[in-house]
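A.B. asks: A predicted structure for the sequence below; I have some questions about it.
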Amino acid sequence: MEKVKLALNYALMLEMIKAKGYDSTTIVALLNEGDEKILGSCGDGIPTWKTLVDYYHMDKAKFHKVLKEGYEITFLTKGALKTLLSIKFGMKEGVDFVDTGEFLDQVKITSDNLKSLRGIISKNWTIVLEDEKSNEETYLIKIELTYKPVFNI
């Protein structure tokens, strides 16, 4: 079954709401009401939550599918990928991963979080298993561009 493709801004807003502890039923209620004050308390840096409210109202069945079955982000920049890791998994650059400039390296992630990340990450990124510490259920991965740019200089 193919997951719903979700634009980055909607995915990040949804993950911010989930990070505040709201379950699917409450998320639906918040979006139905469209209370931007409550939604705004879920995350900083979002210019307006109206875009998520409008997205929800445009296709409620699709949004319910996102909440029930998950989603796949359509496209991620490296900066957005780092933001996603921070919001969804509480990861911090320099602690849980290293930005090498080209890719994210030394990413320490639990098996559950790795499974979740594999499910939502856009196709322009590839997860490379570097090391498995099976006794701790922790993995060391690298996240790199699937198609690296070639510059003919």
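C.D. replies: Perfect, thanks for sending it.
A.B. asks: All the helices of the protein, residue numbers only.
C.D. replies: 8-19, 24-33, 36-40, 50-58, 60-69, 78-89, 111-120 (DSSP state H).
A.B. asks: right, and these - which one's nearest residue 103?
C.D. replies: Closest to residue 103 of the helices of the chain is helix 78-89 (Cβ to Cβ; 7.9 Å). The C-beta positions use only the backbone N, C-alpha and C, and glycine is treated the same way.
A.B. asks: If you rank every helix and strand of the protein by mean pLDDT, what lands last?
C.D. replies: The least trusted helix or strand in the chain, going by mean pLDDT, DSSP states H and E, turns out to be strand 125-133, with a mean of 84.
A.B. asks: Any stretches of the protein with poor pLDDT?
C.D. replies: 1, 132-136 (pLDDT under 70).
A.B. asks: related to what we said a few turns ago, adding distance to residue 130 and mean neighbour count as columns, could you present the helices of the chain in TSV?
C.D. replies: Listed next are the helices of the chain as TSV, based on distance: least, Cβ to Cβ, whole Å; neighbours: other Cβ atoms under 10 Å:
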stretch	distance to residue 130	mean neighbour count
helix 8-19	25	19
helix 24-33	34	15
helix 36-40	38	15
helix 50-58	35	16
helix 60-69	29	15
helix 78-89	16	18
helix 111-120	12	14
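A.B. asks: now those as TSV including distance to residue 144?
C.D. replies: Output for the helices of the chain, formatted as TSV (distance: least, Cβ to Cβ, whole Å):
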stretch	distance to residue 144
helix 8-19	18
helix 24-33	32
helix 36-40	34
helix 50-58	30
helix 60-69	27
helix 78-89	10
helix 111-120	14
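A.B. asks: Give me the contacts around the least confident helix or strand of the chain.
C.D. replies: Identification of contacts with strand 125-133 by Cβ atoms under 8 Å, 6 or more residues apart in numbering yields 76, 81, 106, 114, 117-118, 121, 139-146.
A.B. asks: List the residues that contact the most centrally placed residue in the chain.
C.D. replies: Nearest to the geometric centre of the chain sits residue 84, at 4.2 Å (Cα atoms, centre = their mean). Residue 84 sits next to 11, 12, 15, 73, 76, 120 when contact means Cβ under 8 Å, 6+ apart.
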